[in-house]
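1. Predicted model, plus sequence, below.
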Number of protein chains: 2
Amino acid sequence: VIRINADRLLRDLKELRKFGASGPGVVRPALSPTDVQSRHWLAERMEQAGLAACIDGIGTVLGRSRQAGKAVLIGSHTDTQPTGGWLDGTLGVVYGLEIARAAAESNAVAAIAVDVAAWSDEEGEFSSHLGSRAFSGEDMAPTLAEARNRQGRSLAEALATAGLTDHPLTRLEPGRHVAYLEPHIEQGGRLEAAERRIGVVTSIVGIREYKVCFVGQQNHAGTTPMAIRKDAVAGLLSFAAALNGVFTRLAEGHDTVWNIGRIAVSPGAPSVVPGRAELLLQFRDTDTRQLRRLERALADLVEEANRGPIGVAMEMIDQPVEPAEMDVRIIDCIASAAELLAPNQWIRMPSGACHDAQILAPHLPAGMLFIPSIGGISHDPAEDTSEDDIVLGCRVAAEAVCNILHGHR
Amino acid sequence: VIRINADRLLRDLKELRKFGASGPGVVRPALSPTDVQSRHWLAERMEQAGLAACIDGIGTVLGRSRQAGKAVLIGSHTDTQPTGGWLDGTLGVVYGLEIARAAAESNAVAAIAVDVAAWSDEEGEFSSHLGSRAFSGEDMAPTLAEARNRQGRSLAEALATAGLTDHPLTRLEPGRHVAYLEPHIEQGGRLEAAERRIGVVTSIVGIREYKVCFVGQQNHAGTTPMAIRKDAVAGLLSFAAALNGVFTRLAEGHDTVWNIGRIAVSPGAPSVVPGRAELLLQFRDTDTRQLRRLERALADLVEEANRGPIGVAMEMIDQPVEPAEMDVRIIDCIASAAELLAPNQWIRMPSGACHDAQILAPHLPAGMLFIPSIGGISHDPAEDTSEDDIVLGCRVAAEAVCNILHGHR
């Protein structure tokens, strides 16, 4: 058993919250001066915990256990959304720090090696999952050459300002790293709705994003009788209704979610029958076959709609993100830990959000555990979790580490 | 009979088109340097036609017949949309010029008095129907103090630059003006669809404009299950579907038109369930009772939608424009003229667009006649009408003037 220190855990979380604190939330976008400061603070804390810490050439903080042999890598990210909450990412990193520290203190388990990673730019200030992609061995040269944030600042310049340009990249060590464990807040309301305290993640969703455009005939909204209009908005409305019907039917028995997050109408004047309209559609599922089914249904809807007076076209607007299965053995290790420490208070569930675990899962056995988000709120300054749940989550993660390493003895 | 000169009519139309010509269209917003130049040209042409012409303190060009006794006022506007067509407004003014000129030439009808008005800023560069409102006796001081165009130029400054500040305003002369006649292009596709060449306008629509807002709960589009979302766009989509159903039913047997010309979604990100959405709804009908019926139906729909999870609120966003009936006697005078010169080639129809005739109708008997717009296109550089239809329209208008004045002998 690794006995974690609840007070120390909460103190470190609150200490890290101060970097970029803004009301209850945190503003600490990747490689901002505040983010870089917080990474230096974290590296120092890792050293104090007995780890060999460094900040690598892309901004990831890696704390490496001085123990030889097999190691569990615990990680998440410490960068935030432009106006983010205090636990998204941070929680998993500070869990890792506390578990590594507690393991080193515990005589019985001193041989347990826990490495801790605070990935760089999970939230995509410059490019999503930057740290975990580099750690997994992706060639980062194209990203380093092109990535810029919304303000036009280049990634290369941000790394230079942070003094990281010549730092080496840390890499996954296949002989050493036997598992990746990412504890995280749920960022949704399922645990709360089910009155459970721990979510054992079985898989992470894949994502598809499409723009659907409707082209009619712009015209005078007073003199053009309804019957002869080619109203792009009317086309969009009936398409969206049909889409919701078909997707609702296809989603039965799945955890499929979809979202029309943006609608644009041109020219946008009250007296003008819109000649053009478009919607952004995103959908997610943990099952690649289901994603394909939804894509085919979307294509069919577009084809069918095109038989009417409004021209309809679809276009993929972002690279597809493929779903990732969590490792069955790691799932069992987390589930046993949850059943031991929170009997009947946990569920298995998919992750509807993306995580660094998705990047690492193809390279080593990976697992995630969730703790509840109050009111399901995340990516918002109001994001929070009860202290009891935070502490319980860390105990479950520590127990899961023991279970994982026990299997490697 | 007033014998109009077709060649001269077309020549003047083409001459006026040169002021602000841009491809096939015309860019001549009210009180722009080009508009002011064209008004001086027009005043000179009116003088050559035997009228006493002036440009008044708001920019209207009035050509007053030197005949004493009852007069028919023919008018429309010569300002254009920011990128407008060559006939919208201009047509009626040049008809007036040609009819006044032809009447003066014709010995038989020399006693006929035709005054011609080219109203200022019908299109609302600074303030809609500026000229006809001033002519009808509206106190223009508030508008003069406040009105600005999109570029922030004040109406007062535009009038000063045009050298019009100290010019007196022209006013309706109740003892003299027995009727207002406004020939205009249709700006829609009804005449073309019905294969008719003349539209005799029975009434002009009233307009209502509302913003309908939908407030839900912004949330993560991956982690928030469909069943517990409060999606503002979902609220908007089902509201719009219900609205289209109810309005379609209420519109039966009416010429009601409605338009959802703008939709805005917040925050507008593909991964975020929208917390807020809004739509702009405009509807028009010639019958005030029908407009009230539609308003009540809209309010009922909002009330009903409010029982769901999404908050719905409506707000009137523009002053209501009331419908105007054309004068029954003037309608008959135009209809007889149309039947004489274009038997079975004309229809009675409402105007779905607003016109200066709407402003003048409460003050004197008013009528309008339409000629076809090719393809129903207007407020667009491509706006056009066949020369045959242009000439026929002027002949019908001239004959209508004779009919009107005949009734006043």
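-> Great, that's in hand. Residues are numbered from 1 along each chain as shown, chains lettered A, B, ... in the order given.
2. Sticking with A:A53, tell me its helix or strand.
-> Assignment of secondary structure by DSSP states H and E places A:A53 within strand A:52-55.
3. And for A:R307, the neighbour number?
-> 8 (other CB atoms under 10 Å in any protein chain shown). Where you see a C-beta, it was placed from the backbone N, CA and C, and this is true even at glycine.
4. ok, now the one 10 residues further on?
-> Other residues near A:I317 number 13, with proximity taken as other CB under 10 Å.
5. now the one 4 residues further on
-> When neighbours are counted by other CB under 10 Å, A:V321 registers 18.
6. re earlier: tell me the strands beside the very next helix or strand once past the strand holding A:A53, with direction?
-> Toward the C-terminal end, the helix or strand that comes next after strand A:52-55 (DSSP H and E) is strand A:61-64. The strands beside strand A:61-64 in its sheet (DSSP bridges) come out as strand A:52-55 (antiparallel), strand A:113-119 (antiparallel).
7. pretty sure A:I204 contacts A:M326?
-> Yes - A:I204 lies in contact with A:M326 (CB atoms under 8 Å); the separation is 7.4 Å.
8. residues shared between the contacts of those two?
-> A:357, A:361, A:368 (CB atoms under 8 Å, 6 or more residues apart in numbering or on different chains).
9. Which strands or helices does the host helix or strand of the last one pack on?
-> In other words, A:M368. Assigned by DSSP H and E, A:M368 belongs to strand A:366-371. On a contact count with 3 or more CB pairs under 8 Å, 6 or more residues apart in numbering or on different chains; DSSP states H and E, strand A:366-371 meets strand A:177-185, strand A:198-204, helix A:328-341, strand A:346-351, helix A:356-360, helix A:387-406.
10. from the middle of its chain, how far away would the last one be?
-> Pointing back at helix A:387-406 there. Helix A:387-406 sits 20 Å away from the centroid of its parent chain (CA atoms, centre = their mean, to the nearest Å).
11. Could you list the low-confidence segments of chain A?
-> The model of chain A has pLDDT under 70 over residues A:107-110.
12. Name all residues that make contact with the residue of it positioned farthest from its centre.
-> Centroid-distance maximum for chain A: A:T223 at 50.6 Å, with CA atoms, centre = their mean. Counting by CB under 8 Å, 6+ apart, A:T223 touches B:186-190, B:351-353, B:376, B:378.
13. As CSV, those residues with distance to chain A and neighbour count would be great.
-> Putting those into CSV (distance: CB to the nearest CB, whole Å; neighbours: other CB atoms under 10 Å in any protein chain shown) gives the following:
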residue, distance to chain A, neighbour count
B:E186, 7, 27
B:Q187, 5, 25
B:G188, 3, 27
B:G189, 6, 22
B:R190, 6, 22
B:S351, 8, 29
B:G352, 4, 23
B:A353, 5, 24
B:G376, 6, 22
B:S378, 6, 26
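14. what's A:D255 sitting at in phi/psi?
-> Note on A:D255: backbone dihedrals following degrees, to the nearest 10 are phi -100, psi 20.
15. OK, contacts around the one residue in the stretch 301-409 of chain A that gets nearest to chain B?
-> Residue nearest to chain B within the stretch 301-409 of chain A (CB to the nearest CB): A:G352, separated by 3.7 Å. Listed by CB under 8 Å, 6+ apart, the contact set of A:G352 reads A:187-188, A:205, A:255, A:257, A:284, B:220, B:222-225.
16. cool, A:L236 as well?
-> A:L236 touches A:212, A:214, A:263, A:277-279, counting by CB under 8 Å, 6+ apart.
17. so it is in which element?
-> Assigned by DSSP H and E, A:L236 falls in helix A:232-251.
18. Work out the gap between that helix and the centre of the chain.
-> For helix A:232-251, the distance to the chain centre is 28 Å (CA atoms, centre = their mean).
19. now do stretch A:288-304
-> Distance of stretch A:288-304 from its chain centroid, counting by CA atoms, centre = their mean, is 25 Å.
20. quick one: is it near chain B?
-> No - Stretch A:288-304 does not reach chain B (CB under 8 Å from any CB of the partner chain); its nearest approach is 13.2 Å.
21. Could you report the distance from A:G25 to A:D318?
-> From A:G25 across to A:D318, the span is 26 Å (CB to CB, to the nearest Å).
22. that older thread, how about TSV for the strands paired with strand A:61-64, with mean neighbour count and distance to B:A240 added?
-> Output for those, formatted as TSV (neighbours: other CB atoms under 10 Å in any protein chain shown; distance: least, CB to CB, whole Å):
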stretch	mean neighbour count	distance to B:A240
strand A:52-55	18	52
strand A:113-119	28	43
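23. Quick one: those strands as CSV, columns for distance to A:R17 too.
-> Listed next are the strands paired with strand A:61-64 as CSV, based on distance: least, CB to CB, whole Å:
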stretch, distance to A:R17
strand A:52-55, 20
strand A:113-119, 14
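24. Is it possible to mark the buried ones in the contacts of A:G352?
-> Buried members of these, scored by 16 or more other CB atoms under 10 Å in any protein chain shown, are A:187-188, A:205, A:255, A:257, A:284, B:220, B:222-224.
25. Then A:G261 would be within a strand, right?
-> Yes - the assignment for A:G261, made by DSSP: H, G, I helix; E, B strand; the rest coil, places it in a strand.
26. my guess is it contacts B:G268, does it?
-> Yes - the criterion here is CB under 8 Å, and A:G261 meets it with B:G268 at 6.6 Å.
27. joint contacts of these two?
-> Common neighbours of A:G261 and B:G268 (criterion: CB under 8 Å, 6+ apart): B:P274.
28. returning to what we had before: looking at A:G25 and A:D318, which one has more neighbours?
-> Remark: of A:G25 and A:D318, A:G25 carries more neighbours, 22 against 13, as counted by other CB under 10 Å.
29. show me the contacts for the more buried one.
-> A:G25 makes contact with A:83-86, A:380-383, according to CB under 8 Å, 6+ apart.
30. separation between it and A:A118?
-> 19 Å.
31. A:A52 now?
-> Per CB to CB, A:A52 is found 15 Å from A:A118.
32. Quick check: chain neighbours aside, which residue is closest to A:N306?
-> Nearest non-adjacent residue to A:N306, counting by CB to CB, 6 or more residues apart in numbering or on different chains: A:V312, 5.0 Å away.
33. That neighbour looks like it's in a helix, true?
-> No - remark: A:V312 does not belong to a helix; assigned using three-state DSSP, it is strand.
34. correct me, but it touches A:F214?
-> Yes - using CB under 8 Å, A:V312 is in contact with A:F214, at 5.7 Å.
35. between the two, who's got more neighbours?
-> Just comparing A:V312 and A:F214: by other CB under 10 Å the higher neighbour count belongs to A:F214, 27 against 20.
36. Can you verify that one is assigned to a strand?
-> Yes - judged by three-state DSSP, A:F214 forms part of a strand.
37. give me the beta-bridge partners of it?
-> Under DSSP bridges, the beta-bridge partners of A:F214 are A:A277, A:V312.
38. if I pick it, what's in contact with it?
-> A:232-233, A:235-236, A:239, A:276-278, A:310-312.
39. What is the nearest of the residues you listed to chain B?
-> Nearest to chain B, judged by CB to the nearest CB, of the contacts of A:F214 is A:V233 at 5.0 Å.
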